[in-house]
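**Q** Sequence and computational prediction follow.
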Amino acid sequence: MKPKRLLCVLCLLPAVPCGAVQAGPASAPTRPATRPAETRYTLQPREKQVLEELKARIAKGEKINPPDPSGNTELHLAAQEGFKAVAELLIARGADVDAANADGYTPLHMAAFHGRPLVAELLIARGANVSRETADQLTPLHLAAAQRQKDVAEMLLRAKADVNAKGRFGRAPLHWAAERGGKEVAQVLLAAGANPKLTDEDGRTPLHLALAGGHDAIAVMLAKKGAPLDAKDSRGRTPLHLAAAREMTEMVRLILKSGAPADPADETARTPLHEAAGAGATEIMRILLAGKANLNAATQAGLTPLHLAAIRGQVEAAKLLIAAKAGVNTKGKFGRTPLHWAAERGHAGVVDLLIANGAGVRVTDEDGRTPLHLAAGFGGVAAARSLLKAGADPAARDGSGKTAKDYARAEAIAELLAPATQPSTAPKTAPAKQP
């Protein structure tokens, strides 16, 4: 059925913000499923139909460009869809190029968000405010950067948009481009004078965000453009922490080559070696250790890199740390050794490795539990069997008077422990704790 009004036609299309930017401290402008940015303008059948209907409405003397309940005008929707001819006619008939919807989005914000450079060019030429902020403190350039819309970003910059304007979350356009992996947009922004040292409200530079997103190429580019390689965010994390966690070898080498320390500690005293060990990133671990990273650095909870490898079941990482003489019986959070954590998590390969390298199978934690107690409760048959074979005492009682069998949830583990001990009368309780 042929629609009677432009608004009706466009309402059949994907929804427009209000709501283009999701709320919440970790959110960002959402990327719509739109066509690539236009480079040439051709009147498409759908726009031609809308344009003809708009002309017919004008001829009848109907009101043009009324807002819908969300404040979106026909010009907003024409900008969203890239209908340049429709936008030209609306503007010629008096449409306000800076009209804002309920969330403060103007037609130029729509063109930037959806990658409509030809409409953006038209709006700018007709005097649209390139610095106007939405209710979420986003300028059109913030949106173009977040949506990786290089062509629109270039137009906005030529129109003197502030390349370092801080908006939502205290972020400049370069923060958004870095987080979203917009390398070409980031290049355009840097060429226009974007400052790679700016921090957002969480103390993060664009480099922090590029690394957190795993965007290697952007991270390397920012580093070469002067981004600080030892900057700490509000949680004390440096680019080296993030590069190690995301297994970004080139960035780790580049950071250490700059002279940055190999073991900066975040607010919990966690170092890049902890991150690499937990991720099983053995190549990065070797690089960090060669850079004199502290092998036995402990977090505020007393966890060493070997504890992290044990918790995550990273056998190769644990091998590397043990070969470098990491302490296999170091106690950390809850008084647990790496073997306690590996046993509880059921990482039989790490359990076997630790035992083979002298880990004590009868060592108790602050609750009097041995690794066998924890293996029985959550770790599984393989871990429990390895511990028993290595001399773990199934009759040992923890601080509550319970044996490993008292914690056994699986019948197979109970059977494994049955020949050696009789259960106590104490009720079963789960021993699991979070590191």
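**A** It's in. Residues are numbered from 1 along each chain as shown.
**Q** Spatially, which residue comes closest to Leu417, not counting chain neighbours?
**A** Lys405 (4.2 Å; CB to CB, 6 or more residues apart in numbering). For glycine as for every other residue, the C-beta is placed from the backbone atoms N, C-alpha and C.
**Q** what's the distance between the one you found and Ala384?
**A** Separation of Lys405 from Ala384 (CB to CB, to the nearest Å) stands at 10 Å.
**Q** Overlap in contacts, the two.
**A** 376, 413, 417 (CB atoms under 8 Å, 6 or more residues apart in numbering).
**Q** follow-up on the earlier one: how close does the residue nearest to Leu417 sit to Glu184?
**A** In terms of CB to CB, Lys405 sits 62 Å off from Glu184.
**Q** More neighbours: which of those two?
**A** For Lys405 versus Glu184, neighbours defined as other CB atoms under 10 Å are more numerous around Lys405 (23 against 15).
**Q** hang on, Gln149 packs against Gly115?
**A** Yes. If you go by CB atoms under 8 Å, Gln149 and Gly115 touch, sitting 4.3 Å apart.
**Q** Please identify which of these two sits among more neighbours.
**A** Gln149 (30 against 24).
**Q** pLDDT below threshold where in the stretch 301-435 of the chain?
**A** Under the criterion pLDDT under 70, the flagged ranges of the stretch 301-435 of the chain are 419-434.
**Q** what about the helices in it?
**A** Counting by DSSP state H, counting those that start in this stretch, the stretch 301-435 of the chain has helices at residues 305-312, 315-323, 338-345, 348-356, 371-374, 381-389, 404-407, 411-417.
**Q** now the ones you listed as CSV including distance to Glu154?
**A** Converted to CSV, the helices of the stretch 301-435 of the chain look like this (distance: least, CB to CB, whole Å):
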stretch, distance to Glu154
helix 305-312, 44
helix 315-323, 45
helix 338-345, 51
helix 348-356, 52
helix 371-374, 59
helix 381-389, 58
helix 404-407, 64
helix 411-417, 64
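**Q** looking at those helices, which is closest to Leu122?
**A** helix 305-312 (54.0 Å; CB to CB).
**Q** the inter-axis angle of the closest one versus helix 315-323?
**A** Calculated by axes from the mean of the first three to the mean of the last three CA atoms, to 10 degrees, helix 305-312 forms an angle of 160 degrees with helix 315-323.
**Q** quick thing: my sequence starts at 110, can you match it?
**A** Understood, numbering begins at 110; the last thing we discussed is helix 414-421.
**Q** which strands and helices sit next to helix 414-421?
**A** Counting contacts by 3 or more CB pairs under 8 Å, 6 or more residues apart in numbering; DSSP states H and E, helix 414-421 is packed against helix 381-388, helix 424-432, helix 447-454, helix 457-465.
**Q** same thing but at 6 Å, please
**A** helix 381-388, helix 424-432, helix 447-454 (3 or more CB pairs under 6 Å, 6 or more residues apart in numbering; DSSP states H and E).
**Q** between the ones you listed, which gets nearest to Leu497?
**A** Per CB to CB, nearest to Leu497 of the helices and strands packed on helix 414-421: helix 447-454, 11.3 Å.
**Q** Quick one: list the elements packing against that closest one.
**A** Against helix 447-454 (3+ CB pairs under 6 Å, 6+ apart) you get helix 414-421, helix 457-465, helix 480-483.
**Q** could you turn the second one into CSV, dropping everything but the C-alphas?
**A** Think helix 457-465. The C-alpha coordinates for helix 457-465 follow below in CSV (Å, rounded to 0.1, in the frame of the first residue of the first chain):
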residue,chain,number,x,y,z
ALA,A,457,44.1,-32.0,36.5
GLY,A,458,46.9,-31.1,34.2
VAL,A,459,48.0,-28.3,36.4
VAL,A,460,47.6,-30.5,39.5
ASP,A,461,49.9,-33.1,38.0
LEU,A,462,52.4,-30.5,37.0
LEU,A,463,52.5,-28.8,40.5
ILE,A,464,52.8,-32.2,42.3
ALA,A,465,55.7,-33.2,40.0
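**Q** what comes into contact with it?
**A** 419, 422, 424, 427, 437, 447-448, 451-452, 491-492, 495, 499 (CB atoms under 6 Å, 6 or more residues apart in numbering).
**Q** Gly455 contacts Ala492, correct?
**A** Yes. Because the distance of 5.4 Å satisfies CB atoms under 6 Å, Gly455 is recorded as touching Ala492.
**Q** Looking at those two, which has the bigger crowd around it?
**A** Ala492 (28 against 18).
**Q** Look up the closest residue to that one, ignoring the ones flanking it.
**A** Ala484 (4.2 Å).
**Q** That neighbour against Ala452, yeah?
**A** Yes. At 4.0 Å, Ala484 counts as touching Ala452 under the criterion of CB under 6 Å.
**Q** Now do the shared contacts for those two.
**A** Common neighbours of Ala484 and Ala452 (CB under 6 Å, 6+ apart) are Ala492.
**Q** Show me how the chain divides into domains.
**A** 347-425, 437-544 (automatic domain parsing).
**Q** what about the shortest one, distance to the chain center?
**A** What that stands for is domain 347-425. 19 Å (CA atoms, centre = their mean, to the nearest Å).
**Q** Just the endpoints, please. Distance across that domain?
**A** 25 Å (CA to CA, to the nearest Å).
**Q** returning to what we had before: just give me the closest of the contacts of helix 457-465 to Val159.
**A** Scanning those for proximity to Val159, where the rule is CB to CB, the winner is Gly422, at 58.3 Å.
**Q** can you pull the contacts of the closest one?
**A** 456, 459.
**Q** on that earlier part again, and among the helices and strands packed on helix 447-454, the most buried is which?
**A** helix 480-483 (a mean of 32; mean count of other CB atoms under 10 Å).
**Q** pull the CA atoms of it into PDB?
**A** Only the C-alpha atoms of helix 480-483 are listed here, as PDB (Å, rounded to 0.1, in the frame of the first residue of the first chain):
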ATOM      1  CA  PRO A 480      43.800 -29.600  48.100                       C
ATOM      2  CA  LEU A 481      41.900 -33.000  48.400                       C
ATOM      3  CA  HIS A 482      39.100 -31.400  50.300                       C
ATOM      4  CA  LEU A 483      38.700 -28.900  47.400                       C
END
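**Q** Contacts for that helix, please.
**A** 448-449, 452-453, 496, 501, 507, 513, 516, 540.
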